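Asks: below is the structure, and that's it, no one-letter string:
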């Protein structure tokens, strides 16, 4: 099993992928001191951890999705010195596609982050369909004081979840660890 280099330093050579090919923005063969590693260490990891400790907090869940989603930007633009929007977009798109291939939950994290930022999401003209179309699909189960009389139970589990466009309901908590850890593992 190979792990993403921004999670653990590697002792052996990893398979060549856009994330670690040594060509372009992802020369991970050098030391871990990088913008992407710093962003992961100081922003992504603690933000996701805060949500995992308190999975009922929708604000922390949304913030965790946002920073996980933007980890792709840091990976894609690591070492890139230009400022051409089209090239930056191309690099970010390639990394997002690879992350989604490694961990399908990454597309849900992307949609939660985008819906949180933009309120509503458009239907893409090409590429895979969105899992969400509105920030209103990101909710949490009612707690004892929000549930209808007789339905709330003291200390009942309250969770953050997303209702997908196809009607499927997904808990957000399992998607975050899979996107932040399993997305970076290869079997």
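Replies: Alright, I've got the coordinates. Model, not experiment: these values are computed from the prediction. Numbering: from 1, shown residues only.

Asks: helices and strands around the helix ranked longest in the chain, which ones?
Replies: The single longest helix within the chain, with elements called by DSSP state H, is helix 58-77. Contact partners of helix 58-77 among helices and strands, from 3 or more C-beta pairs under 8 Å, 6 or more residues apart in numbering; DSSP states H and E: helix 35-39, helix 45-53, helix 85-102, helix 105-118, strand 138-140, helix 172-180. (C-beta placed from N, C-alpha, C; glycine too.)

Asks: could you dump these into a markdown table with mean pLDDT and distance to residue 128 added?
Replies: Formatted as a markdown table, those follow (pLDDT from 0 to 100; distance: least, C-beta to C-beta, whole Å):
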| stretch | mean pLDDT | distance to residue 128 |
| --- | --- | --- |
| helix 35-39 | 93 | 24 |
| helix 45-53 | 92 | 24 |
| helix 85-102 | 94 | 8 |
| helix 105-118 | 92 | 7 |
| strand 138-140 | 80 | 19 |
| helix 172-180 | 52 | 16 |
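
Asks: make CSV out of these and add distance to residue 59.
Replies: As requested, the helices and strands packed on helix 58-77 are exported to CSV (distance: least, C-beta to C-beta, whole Å):
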stretch, distance to residue 59
helix 35-39, 20
helix 45-53, 9
helix 85-102, 24
helix 105-118, 10
strand 138-140, 10
helix 172-180, 12
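
Asks: mind listing what the nearest residue to residue 140 once chain neighbours are set aside touches?
Replies: Excluding the flanking residues, the one nearest residue 140 by C-beta to C-beta, 6 or more residues apart in numbering is residue 160, at 4.7 Å. Taking C-beta atoms under 8 Å, 6 or more residues apart in numbering, we find residue 160 in contact with 55, 56, 57, 58, 61, 138, 139, 140, 171, 172, 173.

Asks: then residue 116?
Replies: Contacts were defined as C-beta under 8 Å, 6+ apart; by that measure residue 116 touches 62, 65, 66, 135, 138.

Asks: also residue 163?
Replies: Under the criterion of C-beta under 8 Å, 6+ apart, the neighbours of residue 163 are 137, 139, 169.

Asks: most neighbours of all these, which one?
Replies: Neighbour counts for the contacts of residue 163 were taken using other C-beta atoms under 10 Å; the highest belongs to residue 137, which has 18 neighbours.

Asks: that one contacts residue 114, doesn't it?
Replies: No - with contact taken as C-beta atoms under 8 Å, residue 137 and residue 114 are classed as non-touching, separated by 11.8 Å.
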